[in-house]
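My questions are about this predicted structure, shown below with the sequence.
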2 protein chains.
Amino acid sequence: MGSVNIKDIARMCGVGVSTVSRALNNHPDINPVTRDKIMRCIRENNYIPNNSARNLKRQEAKVIAILVKGLSNMFLIGMTKTLEAEIESRGYSVALERIKFEEDEVDVALELVKEKRLKGIIFLGGDFEHRVDKLKELDVPFILSTAGSEPDMQDSESYSSVSVDDIKESYKMTDYLIKLGHKRIALLSGKSDDESVGFLRIEGYKKALKDNGIEFDEDLLIYMRDDIEDYSMENGYVVTKEFLEKKIPCTALFAISDTLAIGASRAIHDAGLRIPQDISVAGFDGLDAGMYSYPSITTIAQPGEVMARETAKILFDIIKGKGKHKHKIFDAKLIERESTARR
Amino acid sequence: MGSVNIKDIARMCGVGVSTVSRALNNHPDINPVTRDKIMRCIRENNYIPNNSARNLKRQEAKVIAILVKGLSNMFLIGMTKTLEAEIESRGYSVALERIKFEEDEVDVALELVKEKRLKGIIFLGGDFEHRVDKLKELDVPFILSTAGSEPDMQDSESYSSVSVDDIKESYKMTDYLIKLGHKRIALLSGKSDDESVGFLRIEGYKKALKDNGIEFDEDLLIYMRDDIEDYSMENGYVVTKEFLEKKIPCTALFAISDTLAIGASRAIHDAGLRIPQDISVAGFDGLDAGMYSYPSITTIAQPGEVMARETAKILFDIIKGKGKHKHKIFDAKLIERESTARR
DNA sequence: TTGTACGCGTTATCAT
DNA sequence: ATGATAACGCGTACAA
């Protein structure tokens, strides 16, 4: 009784295995009567088809994999929801896979393609700086969604991408803060060795400073710690606390994620400073968490839903053969909230 | 060139498939020289074994599945991390599966057992009120972790469970608020038809009121909306806003999750009320988010890490045959923070 | 130490 | 409409 299989069902119903298979996959050419008989038998015996065997044998699978880098990224989780809906509405199913920070998303993808006969892959987050060659091994259509928008990656015709312009958006926020009268703006960035999103947002920050005639000050650059979870509130709290203890003068802090900004805000409160009177705080992403914070966090809101829908559209166009690979960049929106004020 | 398989590798190396297989799974009895030759060939040709075929053939798989109900539950995500570490440290690998709210976790489990030859299953969250019979179909050891601790489920000897006593902990918080002088305490609970955690926490709340001679007032019971994501800040915000507009007198609000409490806090601010001076707010779970909020949220902190470690321990004891199924209940800790004050 | 052959549970092909 | 049978790619007993 370890496990009942298709053969057992066939024997019990007095039919061949292929008939059972037909019933299972509601094939057209099968007598409705036998079909019902078989289905009843299946239910009565709690028969569950073995997916490994199915995947092994099946030719085409109508499955799209979504590979998310990091499970705790709320922004990506939100996109996942939209993506799932989009994919399922097209009659495909979703294989959601979570990639740990130390894992290589491309390796996982390669494995998954073999295992599940995927029709397409969506990479959510993650950085692909040095993996472009490896990506080419993938022989199914794939799309990089909200990965760092490095200019040199926009060229390829072998895959698609959807993202915001991290440099531009970071510039936008920095410029906004400067226009509010801030001159000494701390930047709470990624890990010190980040060559993707974190790096790009630093670039935008520097560019905005330069265009406004403000000199870049290394002391105002705060790096995320790599012994604490990436982009966590805790990380934001800890590094901001350390920063504030150095008493480096500044009137604004721009964190490259809302979660970091929330942690930073708390550290600022704990230091006896008021937001935004003593110091303005800004984030990035447009998470709900920033909106329900007190004070609510001024942020660069990425159009997650729109991006997710476009991601699905591009991918399916390619799968259906009615489109080439595209590289699409979306505008994010600066949302002014309570955490920033004129200086 | 769609895909290179083990036979191709064997042919290219001039060896038999079993030798390649041995190299892959670093079997003991294989000549190191041939082994290296094969491994090099494998790398050069980007050969990746097909997991479906492996799962199909393999007898024992050393895989534990973690089935998480709802991807956005921060508390469960935290537990997942600890669980993964515990499982991997024992030489097993993890199959993490996310169950949508409308999906049946038991069905998914049943399927997964067949597909991956699991050694054990950990259910994280979810409610199993009416599925006890279905659970019995599972022929691998499993454990319910932080599912609602219904008394009648503690009996079974066919599975384990780890949880907090929801009634007791809810009682604890309610009693704490009462002792602070609050008499009219709003309860922000689960969906109106919740028969699991939400229901139990209402029970604890009612019991505390009764023991303190306070009459239960239906008007103070706020239900989560089911057209907004469960336990989200947005849900907490919306229902609290509606509640406040009714002007029902109350001096404290106890939400059955920290995320709900954060949303509620924002609604309270928006209504022009101060926390905790005008109204005290309390949560449940002990999330980081509540700690970094301003004001920080008084909460019932579940010992997530300890529970996760114990979950792994119990499960592996059973797998190794050196333990019976257990039902363990942990104490949660009331953490006083800024959001509650004496009346 | 290495190779051959069978079987895992299913779907696809080809008869009937 | 239905049944027998050959794959799918791999691991493993068994033979060499």
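That came in fine, so what should we check first? Numbering: from 1, shown residues only, chains lettered A, B, ... in the order given.

what residues does stretch A:105-112 touch?
A:65, A:67, A:69, A:95, A:97, A:99, A:118, A:121, A:123, A:126, A:128, A:131, A:134-135, A:137-138, A:142, B:46, B:48, B:51 (C-beta atoms under 8 Å, 6 or more residues apart in numbering or on different chains). (Each C-beta comes from the backbone N, C-alpha and C, glycine too.)

How about exporting it as PDB, limited to the C-alpha atoms?
Coordinates of the C-alpha atoms in stretch A:105-112 are reproduced here as PDB (Å, rounded to 0.1, in the frame of the first residue of the first chain):
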ATOM      1  CA  GLU A 105      20.300  31.400 -10.100                       C
ATOM      2  CA  VAL A 106      21.600  30.400 -13.500                       C
ATOM      3  CA  ASP A 107      22.600  26.900 -12.300                       C
ATOM      4  CA  VAL A 108      19.200  26.400 -10.800                       C
ATOM      5  CA  ALA A 109      17.600  27.500 -14.000                       C
ATOM      6  CA  LEU A 110      19.600  25.100 -16.000                       C
ATOM      7  CA  GLU A 111      18.700  22.200 -13.800                       C
ATOM      8  CA  LEU A 112      15.000  23.200 -13.800                       C
END
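
For chain A, which residues are neighbours of DNA strand D?
Proximity of chain A to DNA strand D is confined to A:14-19, A:22, A:28-31, A:33-35, A:53, A:56-57 under the rule C-beta under 7 Å from any atom of the strand.

buried subset of these?
Among those, those classed as buried by 16 or more other C-beta atoms under 10 Å in any protein chain shown are A:15, A:19, A:22, A:30, A:34-35, A:53, A:56.

Other residues contacting the helix or strand of chain A with the lowest mean pLDDT?
Across the helices and strands of chain A, mean pLDDT, DSSP states H and E gives its lowest value to helix A:132-135, namely a mean of 76. With contact meaning C-beta under 8 Å, 6+ apart, helix A:132-135 is reached by A:106, A:128, A:142, A:153, A:156, A:158-159.

now those in a markdown table, with pLDDT and neighbour count?
Formatted as a markdown table, the contacts of helix A:132-135 follow (pLDDT from 0 to 100; neighbours: other C-beta atoms under 10 Å in any protein chain shown):
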| residue | pLDDT | neighbour count |
| --- | --- | --- |
| A:106 | 92 | 23 |
| A:128 | 77 | 19 |
| A:142 | 95 | 26 |
| A:153 | 60 | 18 |
| A:156 | 80 | 15 |
| A:158 | 89 | 12 |
| A:159 | 92 | 21 |
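
re earlier: want to throw the buried ones among the residues of chain A next to DNA strand D into TSV with pLDDT and secondary structure?
Shown next, in TSV, are these (pLDDT from 0 to 100; DSSP: H, G, I helix; E, B strand; the rest coil):
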residue	pLDDT	secondary structure
A:15	94	coil
A:19	95	helix
A:22	95	helix
A:30	92	coil
A:34	94	helix
A:35	93	helix
A:53	95	helix
A:56	93	helix
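
and which of those residues is nearest chain B?
residue A:56 (4.3 Å; C-beta to the nearest C-beta).

any idea how far the closest one lies from residue B:140?
22 Å (C-beta to C-beta, to the nearest Å).

Got phi/psi on the spatially closest residue to residue A:343 that is not a sequence neighbour?
Distance criterion C-beta to C-beta, 6 or more residues apart in numbering or on different chains; nearest residue to residue A:343, sequence neighbours excluded, is residue A:181 at 3.4 Å. For residue A:181, the backbone dihedrals are phi 110, psi 0 (criterion: degrees, to the nearest 10).

my guess is residue A:181 contacts residue A:342, does it?
Yes: between residue A:181 and residue A:342 a contact is recorded at 5.5 Å, counting by C-beta atoms under 8 Å.

Between these two, point out the one with more neighbours.
Set residue A:181 next to residue A:342 and count neighbours by other C-beta atoms under 10 Å in any protein chain shown: residue A:181 wins out with 12 against 9.

Up against chain B, what does the stretch 51-200 of chain A have?
Proximity of the stretch 51-200 of chain A to chain B is confined to A:51-53, A:55-56, A:71-72, A:74, A:77, A:80, A:96, A:98, A:110-111, A:114-116, A:137, A:139 under the rule C-beta under 8 Å from any C-beta of the partner chain.

Strands along the stretch 1-150 of chain A, start to end?
Using DSSP state E, counting those that start in this stretch, the strands of the stretch 1-150 of chain A run over A:63-69, A:93-99, A:120-124, A:142-145.

How about residues contacting the very next helix or strand once past the last one?
To tie it back to what came earlier, the one meant is strand A:142-145. The C-terminal neighbour of strand A:142-145 among helices and strands, as given by DSSP states H and E, is strand A:160-164. By C-beta under 8 Å, 6+ apart, the list of residues contacting strand A:160-164 from outside reads A:141-149, A:153-154, A:302, A:307, A:310-311, A:314-315, A:318, A:325-332.

and chain A, what are its domains?
A:1-49, A:52-164+A:305-330, A:166-302 (automatic domain parsing).

for these, which one sits closest to residue B:253?
domain A:166-302 (14.7 Å; C-beta to C-beta).

What average pLDDT does that closest one get?
Across domain A:166-302, pLDDT averages out at 97.

and the gap between residue A:50 and residue A:7?
Counting by C-beta to C-beta, the gap from residue A:50 to residue A:7 is 12 Å.

quick one: which of those two has more around it?
Shown here are residue A:50 and residue A:7; by other C-beta under 10 Å, residue A:50 has more neighbours (20 against 11).

pLDDT score for that one?
94.

which residues sit in contact with it?
Each residue near residue A:50 by C-beta under 8 Å, 6+ apart is listed here: A:5, B:56, B:114-115.
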